[in-house]
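Engineer: The following comprises the amino acid sequence and a computationally predicted model.
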Amino acid sequence: MIVDAHLDLAYLATTGRDLRLSLQELRERLPSGDVPTVTFSSLRRGEVGLCFATLFAEPGSEEAPSGYADQRDARRRLDAQLETYLRWQDDGHVLLLRTWGEIEAHVRAWTPEKSPLGVVLLIENAEPLRDADDLPRLVDAGVRLVGPAWVKANRFCGGNGEPGGLTDRGRDLLAAMRELGVTLDVSHLPEEAFWEAVELQPKAVATHSNVRSLVGSERHLTAEQLRAIRDRDGHVGCVLFNKFLRRGWDRGMDRPVLKVVGDMFAALAEEVGWERVGIGSDLDGGFGRFELPSGLESAADLPRLADVLPEEQREGVLSGHWLRWLERHL
């Protein structure tokens, strides 16, 4: 089994991507734009048995005119995505997992041919929440991680594209997360918010972040931030977007070879230790087939990551490290 700590499944469905189709059918229906790499069947072929799947609302902007207009609109979109996961569960495509006991049972019973995809829910961008009092209802619905930030600043904190610290509303949210045992996902948090956030809720991970010094982008984490996650028994998921793997890469350039992912895994391990490194692919999270390293054509190819890992680290990076974190912290 492979564990992927970041997939925007329900959000993809809201953009017209029917993940129940075969990958070929989906690509034929979407002949323009980024080439899809994720469907339920491609995840199954890639032996992805468990993922952290997002509830993600994108803010409206000139680049994203279909994004939400305000907090109420963002909340409506989050609720619609939650309903999507429930519908998929009814149809046997996913299984929502809320406790370590449920995860353990799923892992024991899982087979790539027949089992549904195990899903642990993660909120990416807290803007859909009115305030901290919203959190208990979402925890009851299965949310176990919250990433307060995204690219744009929101009512809780800055984002990696619009820096800023925590607001009073953000501090209240982090305090509620700590009280309810909800894990902080620091991905997208700007440094101004990061350091206060990990003090307010030290149970922290980065589901989809790489090493800043290798790519030169504030979207990713400094050595000091990575060590802070390590010191809190957190884990880090490696993103597979070429722009986040090789400094200077841009769309239209030749795809780097798969070794670039191995280099990023090793760089993460240098800061946090191999035992805290896993996958956080973010596949189809704003990029597609031609924005992945050569050899990764879809989710079905994720097992190939083993080829660029030290033999003794393969099982852990592909699944074991995230599973051990879930056992300790869910």
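Structural biologist: Received the coordinates, thanks. Numbering: from 1, shown residues only.
Engineer: Show me where this protein has its strands.
Structural biologist: Along the chain, the stretches classed as strands by DSSP state E are 2-7, 48-56, 94-96, 117-124, 143-147, 157-159, 162-166, 183-185, 204-205, 236-238, 277-279.
Engineer: Out of those strands, flag the one nearest W110.
Structural biologist: When these are compared by CB to CB, strand 48-56 sits nearest W110, at 4.6 Å. All C-beta atoms are positioned from the backbone trio N, CA, C, and that covers glycine.
Engineer: okay but R246 is in contact with D254, surely?
Structural biologist: No - the pair formed by R246 and D254 falls short of the contact definition of CB atoms under 8 Å, at 10.5 Å.
Engineer: Show me which of those two is the more surrounded one.
Structural biologist: Neighbours around R246 and D254, counted as other CB atoms under 10 Å, are more numerous at R246. The numbers are 18 against 8.
Engineer: Which stretches in the stretch 51-200 of the chain count as helices?
Structural biologist: 71-90, 100-109, 135-141, 168-180, 191-200 (DSSP state H, counting those that start in this stretch).
Engineer: I'd like those helices laid out as CSV, including distance to N160, mean pLDDT and mean neighbour count.
Structural biologist: Supplementary listing: the helices of the stretch 51-200 of the chain in CSV, determined by distance: least, CB to CB, whole Å; pLDDT from 0 to 100; neighbours: other CB atoms under 10 Å:
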stretch, distance to N160, mean pLDDT, mean neighbour count
helix 71-90, 18, 97, 17
helix 100-109, 30, 98, 14
helix 135-141, 23, 97, 16
helix 168-180, 15, 98, 18
helix 191-200, 9, 98, 19
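Engineer: any chance of the ones you listed in JSON lines, with distance to V272 too?
Structural biologist: Output for the helices of the stretch 51-200 of the chain, formatted as JSON lines (distance: least, CB to CB, whole Å):
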{"stretch": "helix 71-90", "distance to V272": "30"}
{"stretch": "helix 100-109", "distance to V272": "22"}
{"stretch": "helix 135-141", "distance to V272": "27"}
{"stretch": "helix 168-180", "distance to V272": "21"}
{"stretch": "helix 191-200", "distance to V272": "14"}
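Engineer: Figure out which of these is closest to L330.
Structural biologist: Of all the helices of the stretch 51-200 of the chain, helix 100-109 sits nearest to L330, with 4.8 Å by CB to CB.
Engineer: What helices and strands are in contact with the closest one?
Structural biologist: Helices and strands touching helix 100-109, by 3 or more CB pairs under 8 Å, 6 or more residues apart in numbering; DSSP states H and E, are strand 48-56, strand 117-124, helix 321-329.
Engineer: hang on, the earlier thing: so for F287, which of the strands of the chain sits nearest?
Structural biologist: Comparison of the strands of the chain against F287 by CB to CB identifies strand 2-7 as nearest, at 12.8 Å.
Engineer: How many neighbouring residues does G49 have?
Structural biologist: A count of neighbours around G49, defined by other CB under 10 Å, yields 23.
Engineer: check contacts around L214.
Structural biologist: Under the criterion of CB atoms under 8 Å, 6 or more residues apart in numbering, the neighbours of L214 are L245, R247, D263, M264, A267.
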